[in-house]
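Asker: Curious how this folds, go ahead:
(chains A and B)
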Protein chains: 2
Amino acid sequence: MDFVAPLRDMRFVLHELAGLDKVRQLPGGDDGAPEIVDAILAENARLLQETVAPLNRAGDQHPSTLDAGRVATPPGFREAFRGFAQGGWQGLQHPVELGGQGLPRLVAAPCIENLNAACLSFALCPLLTDGAIEVLLTAGSEAQRRRYVPPMVAGDWTGTMNLTEPQAGSDLSLVRTRAELQADGSYRLFGQKIFITYGEHDLARNIVHMVLARLPGAPEGVKGLSLFAVPKFLIEPDGTLGRRNDVWCASLEHKLGIKASPTAELLYGSGKGEVGEGAIGELVGEPNRGLETMFIMMNAARFAVGVQGVALAERATQQAVRYARERIQSRAVEGSEGPVAIIRHPDVRRMLMTMRTLTEAARAVAYVAAGASDFARRHPDADWRRRNQAFYEYMVPIVKGFSTEMAVEVASLGVQVHGGAGFIEETGAAQHYRDARILSIYEGTTAIQANDLLGRKTLRDGGATARAIIAAMRATLAELDGDDVDLRAIHRRLAPALDAYESAVDHLVANARNDVQGVFAGSVPYLMLAGLAHGGWQMARAAIICKQHLAKGNVDAFYRAKLANARFYCDHLLPRTQALQTSIVEGSASVLALDAAMF
Amino acid sequence: MDFVAPLRDMRFVLHELAGLDKVRQLPGGDDGAPEIVDAILAENARLLQETVAPLNRAGDQHPSTLDAGRVATPPGFREAFRGFAQGGWQGLQHPVELGGQGLPRLVAAPCIENLNAACLSFALCPLLTDGAIEVLLTAGSEAQRRRYVPPMVAGDWTGTMNLTEPQAGSDLSLVRTRAELQADGSYRLFGQKIFITYGEHDLARNIVHMVLARLPGAPEGVKGLSLFAVPKFLIEPDGTLGRRNDVWCASLEHKLGIKASPTAELLYGSGKGEVGEGAIGELVGEPNRGLETMFIMMNAARFAVGVQGVALAERATQQAVRYARERIQSRAVEGSEGPVAIIRHPDVRRMLMTMRTLTEAARAVAYVAAGASDFARRHPDADWRRRNQAFYEYMVPIVKGFSTEMAVEVASLGVQVHGGAGFIEETGAAQHYRDARILSIYEGTTAIQANDLLGRKTLRDGGATARAIIAAMRATLAELDGDDVDLRAIHRRLAPALDAYESAVDHLVANARNDVQGVFAGSVPYLMLAGLAHGGWQMARAAIICKQHLAKGNVDAFYRAKLANARFYCDHLLPRTQALQTSIVEGSASVLALDAAMF
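Answerer: A predicted model of the protein is given here:
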């Protein structure tokens, strides 16, 4: 099998680290048997392993194509999407009253991970649809929600996010697409959007584009952006599909990776449809507050991209392990009869352990954040909700930035484990390396995540949230400080990592006013330091729990493996925090010393 | 212009760091005016910028193709190769008596770098030809040298290295290709070789394959490998080309990058030629000593691949800087009227500085090693030759391993600087990311380099060479320890890096016997630590020299920029040595703790 869902590790993280049992007891939570989540995960894994995972390589070899305005997805995508939709998987975390399953985000997280590990390019369509649904749930009117959400939840329609324009990427203040009010209260949109994932395709009957555009006379900058829902086919009062709207796919990008996923240039208002000139849309939410709405949705989308990072790392790791077990080459350094499987060579093992433990750490960090978002939305205690919301919002840029940077590293190591074979496309390792590279760019580059983490999530409250989180980490540190050899060894690495983390926060907060450039020069190192430290925290928590199981006489090899992984992570990955701390605290001047003209 | 040769930095490294003036005074050195090297570099740059650099993207889009056994290289390659050969560039470092220029390796290094920066795929053909020439110069008979080398130096023929077979990659003991002695003293070869760079092409009239194969009854393992020269067309006594030999290209690999370069599967002895069954070849050197010969050649080839890393990093950096100057996006963090060029954003600057300083440091490390190889070959003093040879041999795996791992990182940052545009193939940044990925694999993976550095170059002499080098680095450290603020700041970072380096060497030497697995688990971290420290050493030497120029009132901005670069490198890259030291000295147990069956 190309891909096997890592259910054991997922269950461990859900139950032991992310508080699934408490999440399930929240008001509005499911009331099924404790085994129901396991059953959902098993069914999810089965479907994806069998129907989606096999599409991954074929989709790379036969990218989506554009012909006369129509996009054909790769062979097998339509059937797989139908199966996915019919299984109810698109509605997993959406409201029951709109056709969804209403499951906690914590339960959705492993399902999203498995979908992305099975086929990143395929998974992008449901992921963007989730984003569009989220926007409508956040800012749409009751009528809009009833009109658009149920068909999207059913997988009958899909959704897109239309933000980027050629001159407006990270900087949405430069968006030029305009919307004009019509006599009937609807709007006509005119403009060009690029990099629109699944902006046109053949998987569903209709596509609902969520579009940022400017109303006439709107303020300049991001405070003049409004949000519109623009369906590919207009919706008749009875819900059936009507005329073809004036939004057209002008081209598909020729990309490094995720080639099966059509990345469209969309033209609004070229006059080629059945509605005259201008794409007909409706305003979602209040005028000029489109970006605020987008920001609410973006937390969910950025979190999901972080999970994509975990997913891709998981798949690349599985592939590398498989090859390392099969490939026979060279004697063992300690001596052997003949050549051995390369998994026995120390450096191959080091690479595989790096891949495996980065993946596990990032998974735990992401799922713990997902659990917090469930508490933040549904816990009866307001203070507990507020604290979990602050934690979740702080963690989102870390989940997105750290997991995706980690995925690029893991995918590159995956190629390296394969040696020369890794460079040959047929092997498949190279595809992961190509696919991974988008993850730290889309939904906000790592620098954008880092600016969010530093500016909005750390400096705005004077570091209070960051410090409260570090205090919680220190409580775990105290638990490690006993007689146990393994836990003491973990303590020895986690302690300086937390010191580095705290010193970075102190430095950034103290210098935000007097040296804004210098502080932002440390933004990405700060994000990576935080990600590594959070990974170390979760690995340490896992180690403590595994020790408890082992102490009770549970000899499950999983617990021993988890302990070994925690120690590797602490010895080989946590020490990177020291170098990052130096960059942040002592290196800002040298980032900016060379004049731009001297490059 | 797509690519501008970094002549200023090259000249600085050649003259100020690598001892070009002393190299030129060696016996057998050129006796031209001091300006001659500058003139060579300028002409080299002009030719490559104008005729080769434009091929890079087109070659990626139109890879070499195979049709009925014949390989067609991309449009423009033949003309460019002819210009390259006619300019005498293939013979740059080869003996004058065989048609070459006889220039020092130190002078060849920047020329090789520029060629690779212009077009990595194109450069591979001359690079492999250099390797084949080197083998013939090392082990060939006088008659063989006269037969094969002059046409290769002239670019009339090219050369290849045939080592890898499907079951024999890093592990050449598994080579199965066999050679049978014929009545006339020649040999017939039978077998399959894969991953043969420019194994078949249309750039030259003939191809001389240097092939590892086994004689009947040869010992098993690497001590039973002999080396053969097998020309594509047999050579008549008068030097003209005769019958088509029985070596055929069966397929070309479909690769992640360097797509213009044909990577061939070659079949020996399929009986399709004009010579009957079996490819006719001649033994080069003594029977069963083929690998020893290859190892001598490999130092040169590995060094050249290290220079490829520098070259690719240089080109990726130039492309990213260009984009960062042109792309206007978001206001400056310190405030600005409107959106600014992204080169003004601190994190973009941090990425560009990382790219630039890694490239410069790796260049300096490589050229200094090239200078040492000239001293080792031609200095009148035997002790000085021996010490330089030891230094060069120690440095080769570092140059190869560190520069290429660095190139992968730099190319990935290059994509990131471009944001979404970086993921679009038309931009070109993605090609560097794909091309770079082979560099840390071919000519021996980073692990193979690290095993060489650790096993042959460090443990074999009990760490003596490594410690002698560290002592020389400490002499530079002492020079930094004065009143100058910049040099003191550099001292502050270099000192712990050297301590980490030395402690790693001590640990590895001390534990080589009692914990061979644990020691080799630290081999790649040791290589990377050494590479970073050597980069820091050369940056520090550069800083001292720049300070001297500035103190003399020379206000050349180049010197100030170099100082700024040295400080950035020390603040942001050297601190990585601490984490690597922890991995090596304290982390070996956790690399191997998880049983292979538990993956």
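
Asker: A:Val408 contacts A:Ile438, doesn't it?
Answerer: No: applying Cβ atoms under 8 Å, one finds A:Val408 not in contact with A:Ile438, separated by 9.6 Å. Using the backbone N, CA and C atoms, a C-beta is placed for each residue, glycine as well.

Asker: who's more crowded, these two?
Answerer: A:Ile438 (28 against 24; other Cβ atoms under 10 Å in any protein chain shown).

Asker: Now do the SS call for that one.
Answerer: Here A:Ile438 is recorded as coil under DSSP: H, G, I helix; E, B strand; the rest coil.

Asker: In space, what's closest to it - neighbours in sequence excluded?
Answerer: Beyond its immediate neighbours in the sequence, the residue positioned closest to A:Ile438 (Cβ to Cβ, 6 or more residues apart in numbering or on different chains) is B:Phe423, lying 5.1 Å away.

Asker: So the one you found sits against B:Val415, correct?
Answerer: Yes: using Cβ under 8 Å, B:Phe423 and B:Val415 qualify as a contacting pair, with a distance of 6.9 Å.

Asker: Now the common contact residues for the two.
Answerer: Between them, B:Phe423 and B:Val415 share the neighbouring residues A:Leu256, A:Arg437, A:Ile441, B:Ala430, with contact defined by Cβ atoms under 8 Å, 6 or more residues apart in numbering or on different chains.

Asker: Please tell me how far the third one sits from chain B.
Answerer: Plainly put, A:Ile441 is 6 Å away from chain B if you go by Cβ to the nearest Cβ, to the nearest Å.

Asker: Next, give phi and psi for that residue.
Answerer: In this entry, A:Ile441 is assigned phi and psi values of phi -110, psi -50 (degrees, to the nearest 10).

Asker: residues contacting it?
Answerer: With contacts defined as Cβ under 8 Å, 6+ apart, A:Ile441 is in contact with B:Val415, B:Gln416, B:Gly419, B:Gly420, B:Gly422, B:Phe423.

Asker: Go ahead and flag the most central residue of chain A.
Answerer: A:Val305 (1.7 Å; Cα atoms, centre = their mean).

Asker: any idea of the pLDDT on that residue?
Answerer: Per-residue confidence for A:Val305 comes out at a pLDDT of 98.

Asker: what's A:Ala179 in contact with, if anything?
Answerer: For A:Ala179, the contact set (Cβ under 8 Å, 6+ apart) comprises A:Tyr187, A:Arg188, A:Leu189, A:Phe190, A:Ala213, A:Arg214, A:Leu215, A:Ser226, A:Phe228, A:Gly281, A:Leu283.

Asker: Highest neighbour count among those?
Answerer: Result: A:Ala213 is most packed of the contacts of A:Ala179 (other Cβ under 10 Å), 28 neighbours.

Asker: just to revisit the earlier point, how near is the residue nearest to the centre of chain A to A:Gln319?
Answerer: With the distance defined as Cβ to Cβ, to the nearest Å, A:Val305 ends up 21 Å from A:Gln319.

Asker: do the same with A:Ile296
Answerer: 36 Å.

Asker: What of A:Met1?
Answerer: Between A:Met1 and A:Gln319 the computed distance is 11 Å (Cβ to Cβ).

Asker: what does A:Arg147 give?
Answerer: 43 Å.

Asker: who has more neighbours, these two?
Answerer: For A:Arg147 versus A:Gln319, neighbours defined as other Cβ under 10 Å are more numerous around A:Gln319 (24 against 19).

Asker: Now do the strand or helix carrying that one: distance to the chain's middle.
Answerer: According to DSSP states H and E, A:Gln319 maps onto helix A:290-326. Computed by Cα atoms, centre = their mean, to the nearest Å, the chain-centroid distance of helix A:290-326 equals 4 Å.

Asker: That one and chain B in contact?
Answerer: Yes: counting by Cβ under 8 Å from any Cβ of the partner chain, chain B has neighbours in helix A:290-326: A:Val321, A:Ala324, A:Arg325.

Asker: looking at chain A, which residue lies furthest from center?
Answerer: Of all residues in chain A, A:Glu337 has its C-alpha farthest from the mean position, at 46.0 Å, by Cα atoms, centre = their mean.

Asker: Please report how far it lies from A:Leu212.
Answerer: Applying Cβ to Cβ, one obtains 65 Å for the distance of A:Glu337 from A:Leu212.

Asker: for the stretch 1-150 of chain A, what spans make up the helices?
Answerer: Listed in chain order, the helices of the stretch 1-150 of chain A (DSSP state H, counting those that start in this stretch) span residues A:7-12, A:20-24, A:35-47, A:55-61, A:77-86, A:105-118, A:120-139, A:142-153.

Asker: can you tell me which residues contact the closest residue to A:Ala557 other than its chain neighbours?
Answerer: Taking Cβ to Cβ, 6+ apart as the measure, A:Ala557 lies nearest to B:Met598, with 6.3 Å between them; neighbours along the chain are not counted. By Cβ under 8 Å, 6+ apart, the contact list for B:Met598 reads A:Ala557, A:Arg560, A:Ala561, A:Ala564.

Asker: Run the chain-centre distance for stretch A:183-197.
Answerer: Using Cα atoms, centre = their mean, the offset of stretch A:183-197 from its chain centre is 27 Å.

Asker: Tell me the buried residues in that stretch?
Answerer: Judged by neighbour count using 16 or more other Cβ atoms under 10 Å in any protein chain shown, the buried positions of stretch A:183-197 are A:Ser186, A:Tyr187, A:Arg188, A:Leu189, A:Phe190, A:Gly191, A:Gln192, A:Lys193, A:Ile194, A:Phe195, A:Ile196, A:Thr197.

Asker: that's a helix at the fourth one, yeah?
Answerer: Spelled out, it's A:Leu189. No: A:Leu189 sits outside any helix when classified using three-state DSSP, being strand.

Asker: Bridge partners for it, pull those for me.
Answerer: Legend: beta-bridge partners of A:Leu189 under DSSP bridges are A:Ala179, A:Ala279.

Asker: same check, this time on the last one
Answerer: Legend: beta-bridge partners of A:Thr197 under DSSP bridges are A:Thr263.

Asker: Return the distance of it relative to chain B.
Answerer: When Cβ to the nearest Cβ is applied, the distance between A:Thr197 and chain B equals 11 Å.

Asker: How about the third one?
Answerer: Separation of A:Arg188 from chain B (Cβ to the nearest Cβ) stands at 27 Å.

Asker: C-alpha coordinates for stretch A:241-253, CSV please?
Answerer: Taking only C-alpha atoms (Å, rounded to 0.1, in the frame of the first residue of the first chain), the coordinates of stretch A:241-253 have been written out as CSV:
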residue,chain,number,x,y,z
LEU,A,241,-28.7,26.1,-11.4
GLY,A,242,-29.4,28.8,-14.0
ARG,A,243,-27.3,30.9,-16.3
ARG,A,244,-23.6,30.7,-16.7
ASN,A,245,-22.1,33.6,-14.8
ASP,A,246,-19.4,35.9,-16.2
VAL,A,247,-16.4,34.4,-14.4
TRP,A,248,-14.0,32.5,-16.6
CYS,A,249,-10.8,30.5,-16.3
ALA,A,250,-8.2,32.2,-18.6
SER,A,251,-5.3,30.0,-17.8
LEU,A,252,-3.9,27.3,-15.5
GLU,A,253,-0.5,27.8,-13.9
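
Asker: Okay, buried residues for that stretch please.
Answerer: Residues of stretch A:241-253 classed as buried by neighbour count (16+ other Cβ under 10 Å): A:Leu241, A:Arg244, A:Asn245, A:Asp246, A:Val247, A:Trp248, A:Cys249, A:Ala250, A:Leu252, A:Glu253.

Asker: Look up the pLDDT of the last one for me, please.
Answerer: In the predicted model, A:Glu253 carries a pLDDT score of 98.

Asker: Share the number of residues neighbouring the nearest residue to it once chain neighbours are set aside, please.
Answerer: For A:Glu253, the nearest residue in space outside its immediate sequence neighbours is A:Thr263; the separation is 4.2 Å by Cβ to Cβ, 6+ apart. By other Cβ under 10 Å, the residues close to A:Thr263 number 25.

Asker: Same check on A:Lys552?
Answerer: For A:Lys552, the number of neighbouring residues by other Cβ under 10 Å comes to 8.
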